[in-house]
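Asker: Below are the sequence and a predicted model; questions follow.
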Amino acid sequence: MWLAVLRIHLLIPGARSLKDRRQAVRSLKERIRVRFDATCSEVGDLDTWNRAFLGIALVANEKSILQSMADEIGRYAQNDPHVQVTGLEKDYLNYGDEAGIVG
């Protein structure tokens, strides 16, 4: 089983309050959850009006599938008109050896 963890750095240029910021971030989080069936949460800088970080987790049988999904999520976030992606970090982890498991 392969795991992918993404951290997306966002700038919210139109935000004038925490309410504006929350609205833009919440919208992007929900669309990522629905479109990619991914776990998505805001993970840092919760009190800054114009900046946010999203943490995203994905699971698949093959690393290549995760790499493709991570790239697509990055492009999707970059095309959001309410935010600017200023950074994207990706980590992949192979968890367990299916051949060695006896059930």
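Answerer: Looks like it arrived, so ask away. Remember, predicted model here, so these are calculated numbers, not experimental data.
Asker: Which residue is the nearest non-sequential neighbour of Leu66?
Answerer: Ala4 (4.0 Å; Cβ to Cβ, 6 or more residues apart in numbering). The way it works is simple: take the backbone N, C-alpha and C, and place the C-beta from them, glycine included.
Asker: tell me the mean pLDDT for the helix or strand containing Ala52?
Answerer: Remark: Ala52 resides in strand 51-60, with elements defined by DSSP states H and E. The pLDDT scores in strand 51-60 average 96.
Asker: which of the residues in the helix or strand that it is followed by are buried?
Answerer: The helix or strand immediately downstream of strand 51-60 is helix 63-78, counting by DSSP H and E. Buried residues in helix 63-78, counted by 16 or more other Cβ atoms under 10 Å: Leu66, Gln67, Met69, Ala70, Ile73, Gly74, Ala77.
Asker: in terms of contact, does the third one touch Glu62 like I think?
Answerer: No - between Met69 and Glu62 no contact is recorded; they are 10.7 Å apart, counting by Cβ atoms under 8 Å.
Asker: What lies in contact with stretch 13-21?
Answerer: Around stretch 13-21, the neighbours that count as contacts under Cβ atoms under 8 Å, 6 or more residues apart in numbering are Ile12, Ala24, Asp47, Thr48, Trp49, Asn50, Ala52, His82, Gln84.
Asker: Likewise for stretch 39-51?
Answerer: Residues from elsewhere that reach stretch 39-51, judged by Cβ under 8 Å, 6+ apart: 7, 9-13, 15-18, 20-21, 25, 29, 32-33, 52-58.
Asker: Stretch 29-38 now?
Answerer: Here stretch 29-38 makes contact (Cβ under 8 Å, 6+ apart) with 39-42, 54, 56-58, 69, 72-73, 76-77.
Asker: average pLDDT for the longest helix anywhere in the chain?
Answerer: The single longest helix within the chain, with elements called by DSSP state H, is helix 18-36. Helix 18-36 comes out with an average pLDDT of 94.
Asker: got it, and stretch 87-98?
Answerer: For stretch 87-98, mean pLDDT is 89.
Asker: Any idea how many residues pack against Arg21?
Answerer: Neighbour count for Arg21, taken as other Cβ atoms under 10 Å: 25.
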